[in-house]
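Engineer: Here is a sequence with its predicted model. Questions after.
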Amino acid sequence: MRMRRARVEDLPAIMDLERVCFGPWRWTEDFMREMMADGAVHTMVVDDGGLVAYAMMHMYQDHRMAELLSLAVSPQRRRQGIGGCLVSFMEREVAERGAGAVMLCVRPENQDAVNLYLSRGYRVLARCQGYYEDGSDADIMVKQLGGGE
């Protein structure tokens with residue numbers, strides 16, 4: 001198993017993960033391509049004879065803040081520590097670039113994701129009602145970086 005920066009040729013496999021993990025709430029291929037081309041967005045993949053996970057994080061230099069935009073792990077590979085490793089790697093990467101905190105939005109009913117983030121030191125800052133296109137709420141979670149995290 002190997003973690004590496006995403007390449008444009010990974011996009012079809014990333015979109016397959018999007019379909020499996022997020023179904024009708026997935027991002028479009030055009031949006032993903034645009035995000036991957038943005039120099040402030042870092043996309044990592046986990047390759048194990050095929051893509052099994054990816055994470056995407058945006059670094060806001062002016063605000064010393066990063067946002068975890070997406071994290072997807074193949075259902076067959078969940079609960080193996082892959083998501084946690086990706087999150088930790090991304091946090092270290094943005095901390096080295098000056099980020100003091102990471103934020104993310106997650107569906108409160110996605111208990112596996114919420115538990116992952118809570119276990120990594122994230123805290124719920126607020127609930128944003130009607131955040132998602134389908135009218136669902138989002139929990140805004142934040143983690144302060146530092147102290148070797």
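Structural biologist: Structure received.
Engineer: residues near the residue lying closest to residue 10 once chain neighbours are set aside, how many?
Structural biologist: Beyond its immediate neighbours in the sequence, the residue positioned closest to residue 10 (CB to CB, 6 or more residues apart in numbering) is residue 45, lying 5.6 Å away. C-beta here means a position set from N, CA and C on the backbone, and glycine is covered the same way. Other residues near residue 45 number 22, with proximity taken as other CB atoms under 10 Å.
Engineer: Assumed residue 45 was part of a strand.
Structural biologist: Yes - counting by DSSP: H, G, I helix; E, B strand; the rest coil, one finds residue 45 located in a strand.
Engineer: ranges for the strands of the protein?
Structural biologist: Counting by DSSP state E, the segments of the chain that form strands are 2-5, 41-47, 51-60, 65-73, 101-106, 123-128, 138-144.
Engineer: Kindly reformat those strands as JSON lines containing distance to residue 89.
Structural biologist: Conversion of the strands of the chain to JSON lines gives the following (distance: least, CB to CB, whole Å):
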{"stretch": "strand 2-5", "distance to residue 89": "6"}
{"stretch": "strand 41-47", "distance to residue 89": "6"}
{"stretch": "strand 51-60", "distance to residue 89": "8"}
{"stretch": "strand 65-73", "distance to residue 89": "11"}
{"stretch": "strand 101-106", "distance to residue 89": "12"}
{"stretch": "strand 123-128", "distance to residue 89": "21"}
{"stretch": "strand 138-144", "distance to residue 89": "14"}
